[in-house]
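Enquirer: Kindly generate the corresponding structure for this input.
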Amino acid sequence: MEEDAGKSIHDQDPDNTLIDLNRAGVPLIEIVSEPDMRSPEEAYNYLAEVRRLVRHLEICDGNMEEGSLRCDANVSVMLKGSSTFGNRCEVKNMNSLRNVQRAIEYEMKRQIALLESGVKEIDQETRSFDAVRGVTFTLRSKEDAHDYRYFPEPDLPPITITEPQIEEIRRAMPPLPSELLAKYRGELGLSEYDSDILVEDKNTSLYYNQLIEHTSNYKAAANWVIGDIRSHLNQTATDIARFPVKPRSIARLIALIDEGKISNSVASQSLFPKLIEEPNADPAEIAERENLIQSSDDDWLIGLAGEVLDMYPDKVQAYKQGNKGLLGLFMGEVMKKSERRANPKKASEIIKKILEE
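Expert: Here you go, the predicted model:
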């Protein structure tokens, strides 16, 4: 833990040194990982998990391009058959997950090429990454601790944290991304893709967790959060924390679909927009009022199907001669005539039955 320091600028004024105190006093946390990552992909995944962690704990927003999170990567390579890594080179201040991966990939290849060309030892140095050209370049040569001219702060006492304090903090913490991923993929049976999207943002995870308290259709719940809700948030530039429709209402909407009272398409295209306009209304009441409830009434569906088939005698004949793809045409016309209120499954069964008579 440290504070950002003021910065001296020597190259903008020929006669004066400028002092930049804009970031002075900003608290920083530096995480030093064990040097045991063996690929650029592993470093990428590690950093992505750190970003999720700081976002879920609300330490910072994790936006690398804005400087809220940065990465320095130490890269060294080992000759085949050796058990000792060579000198490291540190690539400083990278501002995106992808650039971290690209810089490590380039630096590995650079060091390997030097060793294979006959260079005995890699020079230890600090480098930067040019994202446009995709190359690293030297900033300064080998540095040791004394080069920084740091000295202990005499007014800062040692801090001792006990195990009971750690446990108390752990109990008060929200579920961490890794715990949520394990739950979503294991207990709930969601795909890796769905789980990753739900966990990427804390407020999205919280909304989803509240949603599945009211429905056991975990996949449908994920589809709504990742699909229609996310699309609406993107279009309106809104965070899910300010999304007006409560999780309980989305659960009721899912129940209407599961009970066969409305179709997915009607729920998405008609009921969901109405629910956003009236977030405190009952989805079932909106569906009734807007005439969206599906009908499974046999007599009504038989009448609709008969009308449609009478419209296309030549298509009916083609169907009976083996062109089964025409069922989609008949179904489309039935849904259009019913203003999408016909139960699709029931309507399909009735059309097939009539055609097979």
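Enquirer: For the one helix or strand in the chain whose mean pLDDT sits lowest, which outside residues touch it?
Expert: Scoring the helices and strands of the chain by mean pLDDT, DSSP states H and E places strand 2-3 at the bottom, with a mean of 80. Residues from elsewhere that reach strand 2-3 (C-beta atoms under 8 Å, 6 or more residues apart in numbering): 24, 25, 26, 27, 28, 30. Heads up, the C-betas are built off the backbone N, CA and C, glycines and all.
Enquirer: of those residues, closest to residue 179?
Expert: The shortest approach to residue 179 among the contacts of strand 2-3 belongs to residue 30, at 24.6 Å (C-beta to C-beta).
Enquirer: Which helix or which strand is home to the closest one?
Expert: Following DSSP states H and E, one finds residue 30 outside all helices and strands.
Enquirer: contacting residues for it?
Expert: For residue 30, the contact set (C-beta under 8 Å, 6+ apart) comprises 1, 2.
Enquirer: so residue 28 sits right up against residue 54, yeah?
Expert: No - counting by C-beta atoms under 8 Å, residue 28 stays clear of residue 54, with 12.0 Å between them.
Enquirer: three-state assignment of residue 91?
Expert: Per DSSP: H, G, I helix; E, B strand; the rest coil, the secondary structure class of residue 91 is strand.
Enquirer: That one and residue 103 touch, don't they?
Expert: Yes - Residue 91 is within contact range of residue 103, at 4.8 Å (criterion: C-beta under 8 Å).
Enquirer: between those two, who's got more neighbours?
Expert: Neighbours per residue (other C-beta atoms under 10 Å) separate residue 91 from residue 103, with residue 103 holding more: 26 against 23.
Enquirer: Okay, and the beta partners of the residue nearest to the more buried one when sequence neighbours are not counted?
Expert: Among residues not flanking residue 103 along the chain, residue 129 sits closest, at 4.0 Å (C-beta to C-beta, 6 or more residues apart in numbering). Going by DSSP bridges, residue 129 is paired in beta bridges with residue 136.
Enquirer: And the helices in the stretch 51-200 of the chain?
Expert: 97-116, 163-172, 177-182, 192-200 (DSSP state H, counting those that start in this stretch).
Enquirer: For these, please prepare CSV with the additional fields distance to residue 339.
Expert: CSV is the format used below for the helices of the stretch 51-200 of the chain (distance: least, C-beta to C-beta, whole Å):
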stretch, distance to residue 339
helix 97-116, 48
helix 163-172, 53
helix 177-182, 41
helix 192-200, 33
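Enquirer: Out of those helices, flag the one nearest residue 236.
Expert: Residue 236 lies closest to helix 192-200 among the helices of the stretch 51-200 of the chain, at 18.6 Å (C-beta to C-beta).
Enquirer: Now that closest one: average pLDDT?
Expert: What helix 192-200 shows for mean pLDDT is 93.
Enquirer: Alpha carbons of it, in PDB - could you do that?
Expert: Output of helix 192-200 as PDB, limited to C-alpha atoms (Å, rounded to 0.1, in the frame of the first residue of the first chain):
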ATOM      1  CA  GLU A 192     -18.800 -20.900 -19.200                       C
ATOM      2  CA  TYR A 193     -19.800 -18.100 -21.600                       C
ATOM      3  CA  ASP A 194     -22.900 -17.200 -19.600                       C
ATOM      4  CA  SER A 195     -21.100 -17.400 -16.300                       C
ATOM      5  CA  ASP A 196     -18.200 -15.200 -17.400                       C
ATOM      6  CA  ILE A 197     -20.600 -12.400 -18.500                       C
ATOM      7  CA  LEU A 198     -22.700 -12.600 -15.300                       C
ATOM      8  CA  VAL A 199     -19.600 -12.300 -13.100                       C
ATOM      9  CA  GLU A 200     -17.800  -9.600 -15.100                       C
END
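Enquirer: Residues in contact with the very next helix or strand once past that helix: which ones?
Expert: Scanning forward in sequence from helix 192-200 by DSSP H and E, the next helix or strand is helix 202-211. Contacting residues not belonging to helix 202-211 are listed as 55-56, 58, 174-175, 177, 180, 197-199, 221-222, 224-225, 229-230, 239-241, 243, 247-248, 250-251 [C-beta under 8 Å, 6+ apart].
Enquirer: Please repeat the previous calculation with a cut-off of 7 Å.
Expert: For helix 202-211, contacts defined as C-beta atoms under 7 Å, 6 or more residues apart in numbering pick out 55-56, 180, 198-199, 221-222, 225, 239-241, 247, 250-251.
Enquirer: What separation do you get for the residue nearest to residue 103 and residue 92?
Expert: 8 Å (C-beta to C-beta, to the nearest Å).
Enquirer: Look at the two and report which has more neighbours.
Expert: Set residue 129 next to residue 92 and count neighbours by other C-beta under 10 Å: residue 129 wins out with 23 against 16.
Enquirer: Let me see the contact set for that one.
Expert: So residue 129 contacts 91, 94, 99, 103, 136 (C-beta under 7 Å, 6+ apart).
Enquirer: try 6 Å this time
Expert: Contact partners of residue 129, counting by C-beta atoms under 6 Å, 6 or more residues apart in numbering, are 91, 94, 103, 136.
Enquirer: before we move on, what about residue 287?
Expert: So residue 287 contacts 262, 271, 293 (C-beta under 6 Å, 6+ apart).
Enquirer: what's the pLDDT at the last one?
Expert: What it means is residue 293. For residue 293, the pLDDT comes out at 85.
Enquirer: Please apply the same query to the second one.
Expert: Here, the pLDDT recorded for residue 271 equals 93.
Enquirer: Lovely, talk soon.
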